[in-house]
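Student: Please work out how this folds:
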Amino acid sequence: MRKLVFLLLLFSLPAAAVTMYRWVDDNGLVHYSDTPVPGAIAIEINEVQGFKPEPLYQSEASTGTQDIESSNRYDNFAISAPSQDQVLWNIGGILNVVIDISPSLRNGDTIALYYDSQLMSAPGSRRRSYVLNDVFRGTHTIRAVVNNRNGDEVQQAAVITFQVHQTSVR
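Tutor: Residues are numbered from 1 along each chain as shown. This is a model prediction of the structure:
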């Protein structure tokens, strides 16, 4: 019986622990790998770690219905223009915003677009492209949200931060 328990423990060890290797290169950068490298230090990792970030914005009405909403999520919902950390030069105050969503927007769902935390879309909007005026120098944010027919947030695109620069004439 002891031999059987020992064998079971022996075969379960590789699933419970993983050997990783850590080394520092000539430039002082620390590297990690599952393949040994000359001079690397072996590190035992006992369990897989995970992380699930909380959404940046969440309406109070949607907090209790996350399981239901996860089945109503879109495969792709993102702002494709402007892009994250993009620097726009001399746009004359006019910004084109493009939203990608797939599958197509479901009946009853709407898109809300926020520019610097101010709602820019009309209530009940289903548009996927916008032209915003009076977007001048500085750092700005764009946020898009899908709301269901009750106004509850179903899904949010990643918040996009971008900068507008204007050439100065002296």
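
Student: Distance-wise, check residue 135 relative to residue 93.
Tutor: Taking Cβ to Cβ, to the nearest Å as the measure, residue 135 falls 6 Å from residue 93. Heads up, the C-betas are built off the backbone N, CA and C, glycines and all.

Student: Equivalent analysis for residue 19, please.
Tutor: Using Cβ to Cβ, we find residue 19 at a distance of 57 Å from residue 93.

Student: if we can go back for a sec, more crowded one of residue 135 and residue 93?
Tutor: Legend: neighbour count by other Cβ atoms under 10 Å for residue 135 and residue 93, higher for residue 135 (22 against 13).

Student: give me the beta-bridge partners of the nearest residue to that one once chain neighbours are set aside?
Tutor: Excluding its sequence neighbours, the residue lying closest to residue 135 (Cβ to Cβ, 6 or more residues apart in numbering) is residue 95, at 4.1 Å. The bridge-partner assignment for residue 95, based on DSSP bridges, gives residue 132.

Student: Could you look up the SS state of residue 108?
Tutor: The three-state label given to residue 108 by DSSP: H, G, I helix; E, B strand; the rest coil is coil.

Student: What about the closest residue to it other than its chain neighbours, how many residues nearby?
Tutor: In space, not counting the residues next to it along the chain, residue 108 is nearest to residue 149; the distance is 3.6 Å by Cβ to Cβ, 6+ apart. Applying other Cβ under 10 Å, we find 11 other residues in the vicinity of residue 149.
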